[in-house]
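**Q** coords please:
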Amino acid sequence: MIEQISSYVIPLLVLIVVCYGIYKKVNVYDVFVEGATESFDMVFTMFPCLLGMIFGINLFLKSDILNYVFTLLKPAFASLNVPTEIFPMMLLRPISGSSSLAILNNLFVTYGPDSLIGRLGSVIQGSTDTTFYILTLYFGSIGIKKIRYSLWAGLAADVIGIVSAILIVNCFFG
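**A** Residues are numbered from 1 along each chain as shown. Now for the predicted structure:
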């Protein structure tokens, strides 16, 4: 039942927009073509920023620097009762949302969503953002070059979200 309803939502929404355009006496097709033409400019503006971000992320991930960072952080987090399995997600969340979501999915499969690790991963996923993605793609596509304060504010918010997640999950579920 739900699957049938969901398969009709988008065509129904398009039909409503077209009918509203006809009601307002707008040439719907010409406006659609004009919007599609404008989207090419936006894609060409965003593409170099997106390509640079993907290149940087792959360089970071393939350089094996994460293992060195994990080795340095392991003793500190062990004393704070933070599971080491959550490290990759904590480090990759500000860089890539899809990578952190894949890590969260693996944590769910391995430990279960109701485990301490699963809950901690969920709270980190919900309380942090993809800071580098936002700065690279959104700021770059509109031409903002001076991102220093935005970078520090975004990373500070991510650190606060991660620390808060650790404290809250350990308080309620630890």
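
**Q** packing partners for the worst-scoring helix or strand of the chain on mean pLDDT?
**A** Least confident helix or strand, the chain: helix 140-141 with a mean of 76, by mean pLDDT, DSSP states H and E. Counting contacts by 3 or more Cβ pairs under 8 Å, 6 or more residues apart in numbering; DSSP states H and E, helix 140-141 packs against helix 28-62. Bear in mind the C-beta positions are built from the backbone N, C-alpha and C, glycine included.

**Q** and the helix or strand that the helix it packs on is followed by with helix 28-62, angle?
**A** For helix 28-62, the succeeding helix or strand toward the C-terminus, using DSSP states H and E, is helix 65-79. Here helix 65-79 points in a direction 80 degrees away from that of helix 28-62 (axes from the mean of the first three to the mean of the last three Cα atoms, to 10 degrees).

**Q** which SS state does residue 81 fall under?
**A** The local conformation at residue 81, judged by DSSP: H, G, I helix; E, B strand; the rest coil, is coil.

**Q** quick one: contacts for the residue nearest to the spatial centre of the chain?
**A** By Cα atoms, centre = their mean, the chain has its centre lying nearest to residue 97, at 3.0 Å. By Cβ atoms under 8 Å, 6 or more residues apart in numbering, the residues touching residue 97 are 130, 133.

**Q** quick check: phi and psi on it?
**A** phi -70, psi -40 (degrees, to the nearest 10).
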